[in-house]
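**Student:** Show me the folded form of this:
(2 chains)
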There are 2 protein chains.
Amino acid sequence: MQASLALKPALDAISEAVDARFDRLLPVPPDSRAPLYEAMRYTVLGGGKRMRPLLVVAACDLFHVDRERAMRVALAIEAVHCYSLVHDDLPCMDDDDLRRGKPTVHKAFDEAIAVLTGDSLFAVAFELLADGATHDDPFVRSELVMELARASGPAGMAGGQMMDLAATDAGFDLATTTRLQQLKTGALIAFCLEAGAIMGKASPGVRLKLRGYARDLGLAFQIADDLLDVEGDPHAAGKALRKDGEQGKSTFVSLLGVERARSQAEMLIDQAIHHLQGFGPEADLLRGIARFAIERDR
Amino acid sequence: MQASLALKPALDAISEAVDARFDRLLPVPPDSRAPLYEAMRYTVLGGGKRMRPLLVVAACDLFHVDRERAMRVALAIEAVHCYSLVHDDLPCMDDDDLRRGKPTVHKAFDEAIAVLTGDSLFAVAFELLADGATHDDPFVRSELVMELARASGPAGMAGGQMMDLAATDAGFDLATTTRLQQLKTGALIAFCLEAGAIMGKASPGVRLKLRGYARDLGLAFQIADDLLDVEGDPHAAGKALRKDGEQGKSTFVSLLGVERARSQAEMLIDQAIHHLQGFGPEADLLRGIARFAIERDR
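**Tutor:** Okay, here's the model as predicted:
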């Protein structure tokens, strides 16, 4: 519980910073596109734990990257994360009515606007990264774009969502479930760390360590999510829970059981923190995030 | 009719080149993501006039850009165009069953796969542009990314689609209809020319001429589409026609009438070609495309 408490100020600060920048980035235009911008704002403002932005900033801090520039990358990744939730919640996908304690976008607006909101946030993410304000070196910018495109496309997040659709029909084994989660949520979490390394022009050795951290953290994060789905309070979570079981989807909990799943997550977090050996106190935030990952919402 | 005939070999050649590259780019993986890749291939292979790829190549040819590199940009734009059609055809959007004479993606596969197919093709487009194989200069790559993100996002194509949704409820006047089309289809067509200018590091003066050409061509293209919607043969067009009128949407034809719409399109094409004054025979393909724009499908 202590780690969560220690992380709270950092999470509060990043949430405020993310909100302020999205607010400036997405003013509602005085024309018939207004509902689209209102839906984009509804999606990205005032919700979520902002775990990914915090990871980006924590990774960028290792290399003393200018905070304002790091925030542009953080916003891009949060935009992609939010877009994926909007499309994932659609009736033809997970068909969820509630997200972060509010009606989902297709409920608060309509389905067509929800599709366009996701599409628009995806475009905005790439615009943020490619802009000169993100980094002076255009090589850094195009590397960020390429890695985000890979992490979010069919070889990453979208591919994982496809596997997730297939999972409803066929129970997956542990290896396939791990692969599914590495694509669906792991790839974008890995990009948060990779983005820090790209922005900071990290050495190959340092990059490798951060990749190890990201891989273990991403999986632990997903196991914690599966535990939350089984044990959590839907009211506190702000979304529907216990859907995986109803849909017959394999999860780490259905495959391992609650106890083994929890000890697996704890082991992964130990491993993640171990990858940060060699870093000093500048990596304390990353260590704190790792501990928080398996303690949140409990 | 003569211009169309003259353009046919160029369109056939570009179609073949686009198909061959998409085929190599998107092999179906041996896992449960297979349906997603099959749907992506179904979307981008063997259909459409490939007008946008031809525009990219024609613009790149003005600056003697390497053909293989120009084709990467052409593929990126065609991927975005195709993705927008897949999302546009969804039941919650235009609800179309037929596209290019084939069942739409959500009919041939399902709605969830259609959503992910669009999302995936969008990601692939940015991956294509940001990759070092597209241009040695990373500044060129990040400029391409930024312009494509703008052209396809809420200030471009997605914004135009939002206006189009609003248009069903409220009849728009000529100025608003023009603005809608400039965003919905004009922005991406403009990017085809802009991309050539970026790849070729064109002077500001040359860029301005190409922008003028693109603006006039884009509008003429849309007017021709509206004429086709009223006068065309659905069988030849390979999609449902006469939907705009049924939905009470304002089009250039409903606002101007058939005769004035046609003469407006012809005037725009004359203007578009006029912008190319100062270019020699190297711009003949762009001139041919302009003439073809108002002669296609008749």
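**Student:** residue boundaries of the helices in the stretch 151-298 of chain A?
**Tutor:** Here the stretch 151-298 of chain A has its helices, by DSSP state H, counting those that start in this stretch, at A:157-167, A:174-181, A:187-199, A:204-231, A:234-237, A:243-246, A:252-256, A:258-274, A:284-293.
**Student:** for those, which one ends up most surrounded?
**Tutor:** The densest packing among the helices of the stretch 151-298 of chain A, expressed as mean neighbour count by mean count of other C-beta atoms under 10 Å in any protein chain shown, is seen in helix A:187-199 with a mean of 26. Where C-beta positions appear, they are placed from N, C-alpha and C, glycine not excepted.
**Student:** got the residue ranges for the strands in the stretch 51-200 of chain A?
**Tutor:** A:98-99, A:102-103 (DSSP state E, counting those that start in this stretch).
**Student:** packing partners for the last one?
**Tutor:** Of the remaining helices and strands, none touches strand A:102-103 by 3 or more C-beta pairs under 8 Å, 6 or more residues apart in numbering or on different chains; DSSP states H and E.
**Student:** How far away from the center of its chain is that strand?
**Tutor:** If you compare the mean C-alpha spot of strand A:102-103 with that of the full chain, they lie 19 Å apart, counting by C-alpha atoms, centre = their mean, to the nearest Å.
**Student:** for the record, mean pLDDT for that strand?
**Tutor:** Averaging the model's pLDDT scores along strand A:102-103 yields 94.
**Student:** Check which strands are paired with it and give the direction for each one.
**Tutor:** Using DSSP bridges, the strands paired with strand A:102-103 are strand A:98-99 (antiparallel).
**Student:** I'd like to know how far residue A:244 sits from chain B.
**Tutor:** As judged by C-beta to the nearest C-beta, to the nearest Å, residue A:244 and chain B stand 16 Å apart.
**Student:** residue contacts, that residue?
**Tutor:** Contact partners of residue A:244, counting by C-beta atoms under 8 Å, 6 or more residues apart in numbering or on different chains, are A:226, A:229, A:251, A:254.
**Student:** So the residue of the stretch 151-298 of chain A found nearest chain B versus residue A:65, what's the distance?
**Tutor:** Of all residues in the stretch 151-298 of chain A, residue A:153 sits closest to chain B, at 3.0 Å by C-beta to the nearest C-beta. When C-beta to C-beta, to the nearest Å is applied, the distance between residue A:153 and residue A:65 equals 25 Å.
**Student:** Okay, now the unreliable bits of the stretch 51-200 of chain A?
**Tutor:** Within the stretch 51-200 of chain A, the set of residues satisfying pLDDT under 70 comprises A:169-170.
**Student:** picking up where we left off before, now the contacts of residue A:244 in JSON lines, with pLDDT and distance to chain B?
**Tutor:** What follows is those, written out as JSON lines (pLDDT from 0 to 100; distance: C-beta to the nearest C-beta, whole Å):
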{"residue": "A:226", "pLDDT": "90", "distance to chain B": "19"}
{"residue": "A:229", "pLDDT": "85", "distance to chain B": "20"}
{"residue": "A:251", "pLDDT": "88", "distance to chain B": "16"}
{"residue": "A:254", "pLDDT": "89", "distance to chain B": "17"}
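**Student:** biggest separation within those residues, which pair?
**Tutor:** Taking C-beta to C-beta as the measure, those span a maximum distance of 9.9 Å, between A:229 and A:254.
**Student:** Thought residue A:33 was touching residue A:113, still the case?
**Tutor:** No: with contact defined as C-beta atoms under 8 Å, residue A:113 does not reach residue A:33; the gap is 10.6 Å.
**Student:** overlap in contacts of the two?
**Tutor:** residue B:162.
**Student:** residues from the stretch 151-298 of chain A in reach of chain B?
**Tutor:** Within reach of chain B by C-beta under 8 Å from any C-beta of the partner chain, the stretch 151-298 of chain A has these residues: A:152-154, A:156, A:158-159, A:161-163, A:165-167, A:170, A:176, A:179.
**Student:** try 7 Å
**Tutor:** A:152-154, A:158-159, A:161-163, A:165-166 (C-beta under 7 Å from any C-beta of the partner chain).
**Student:** burial count for the closest residue to the residue of the stretch 151-298 of chain A closest to chain B other than its chain neighbours?
**Tutor:** The shortest distance from residue A:153 to any residue that is not its chain neighbour, by C-beta to C-beta, 6 or more residues apart in numbering or on different chains, is 3.0 Å, and that residue is residue B:123. Using other C-beta atoms under 10 Å in any protein chain shown as the criterion, residue B:123 is surrounded by 27 other residues.
**Student:** how far away is residue B:123 from residue B:291?
**Tutor:** To residue B:291, residue B:123 is 35 Å away according to C-beta to C-beta.
**Student:** I'd say the residue of the stretch 151-298 of chain A closest to chain B and residue B:124 touch.
**Tutor:** Yes: when contacts are counted by C-beta atoms under 7 Å, residue A:153 is listed as touching residue B:124 (5.7 Å).
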